[in-house]
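*Asks:* Fold the following for me, if possible:
(one chain, ligands or ions: 1)
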Amino acid sequence: MSEIKLTIANEDHLEFAEEICNMMERAAAQRGTGIAKRSPLYVSAKMMEGKAVIAISDNQPVGFCYIETWGHGKYVANSGLIVHPDFRNTGLAKRIKDEIFQLSRKKYPESKIFGITTSLAVMKINSDLGYRPTTFSELTTDEDFWKGCQSCKNYDILTRTNRAHCLCTGMIYDPARQTKSTSAKLTKEERWKRFTGFLKDGADRLKGKIKLKLNNQDPKNSNKLSWLTKVKLF
Ligand SMILES: CC(C)(COP(=O)(O)OP(=O)(O)OC[C@H]1O[C@@H](n2cnc3c(N)ncnc32)[C@H](O)[C@@H]1OP(=O)(O)O)[C@@H](O)C(=O)NCCC(=O)NCCS
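*Replies:* Numbers count the residues shown, from 1 in each chain. This next block holds a predicted model:
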């Protein structure tokens, strides 16, 4: 495989905007989820503003991600992450996210950085960067952000729950809550432990919701839930 060059995108990369959008669209169709649709014009603007990271191999774009700000800059999202299928599972998404995260921290040191995703790979990367899972109520209330979900096929779930939850998991990095033990200093085992802890928390929250829902219908339902205690993740 040829060398992959990672860089902050600029005017020199405008010729790739359309191909990047095509890559995003193909991935959304394959996954069956509607990643918020982007236009080449929007992607071009991000390049010109110096708010995107691009990976190039053999003069072709093979990865991309950009910065969006919400709630008057109080919140930042690193959105539109895409890696070309031929370049996946080699750590490229992790490299791109590391780069865009550092850029976001530099440009917006006070902002909370958040994301919503169904991708386990992205949850793993975010968790390594110091994000923690959170409820949607802790994320931005900026209407324009949530409008981005309209092109997702699960949008009805989000509206039905009054934006309380959906199939995506919300994750947030709050600079005010960071301690000195940043991810960079954690060993691979420690990072894995943190990620599995995060998955377990998610499963526990889900079990709680199931119990609550069935008990609200009829307290006798608790008898039907003995299987819940037997569910094991690992
Ligand atoms: C999601 C995507 C960006 C991942 O790209 P990638 O380059 O293959 O990811 P990486 O190789 O950097 O993997 C990052 C980490 O996730 C893990 N991972 C990768 N795929 C995984 C999966 N399906 N389940 C669990 N973990 C996974 C890797 O093992 C790695 O962990 P490590 O650092 O401990 O080794 C890529 O598959 C893609 O472009 N998908 C389509 C678009 C998309 O879903 N974007 C995200 C929208 S939120």
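
*Asks:* ends of stretch 141-152, how far apart?
*Replies:* With C-alpha to C-alpha, to the nearest Å as the measure, the ends of stretch 141-152 fall 18 Å from one another.

*Asks:* in a strand, that's where residue 69 is, yeah?
*Replies:* Yes. Looking at residue 69 with DSSP: H, G, I helix; E, B strand; the rest coil, it is inside a strand.

*Asks:* Who does it form a beta bridge with?
*Replies:* Taking DSSP bridges as the rule, residue 69 bridges to residue 76.

*Asks:* check contacts around it.
*Replies:* Residue 69 sits next to 75, 76, 77, 108, 111 when contact means C-beta atoms under 8 Å, 6 or more residues apart in numbering. Every residue, glycine included, has its C-beta placed from N, CA and C.

*Asks:* farthest-separated two in those?
*Replies:* Farthest pair in these (C-beta to C-beta) is 77 and 108. Separation: 10.8 Å.

*Asks:* hang on, the earlier thing: tabulate the contacts of residue 69 in CSV, adding columns for distance to the ligand.
*Replies:* Shown next, in CSV, are those (distance: C-beta to the nearest ligand atom, whole Å):
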residue, distance to the ligand
75, 16
76, 15
77, 10
108, 20
111, 19
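
*Asks:* Quick one: the strands in the chain, in order.
*Replies:* Shown for the chain, the strands assigned by DSSP state E span residues 5-8, 52-57, 60-70, 75-83, 112-117, 132-134, 169-173.

*Asks:* In a markdown table: those, plus distance to residue 153.
*Replies:* Listed next are these as a markdown table, based on distance: least, C-beta to C-beta, whole Å:
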| stretch | distance to residue 153 |
| --- | --- |
| strand 5-8 | 32 |
| strand 52-57 | 26 |
| strand 60-70 | 22 |
| strand 75-83 | 18 |
| strand 112-117 | 15 |
| strand 132-134 | 23 |
| strand 169-173 | 17 |
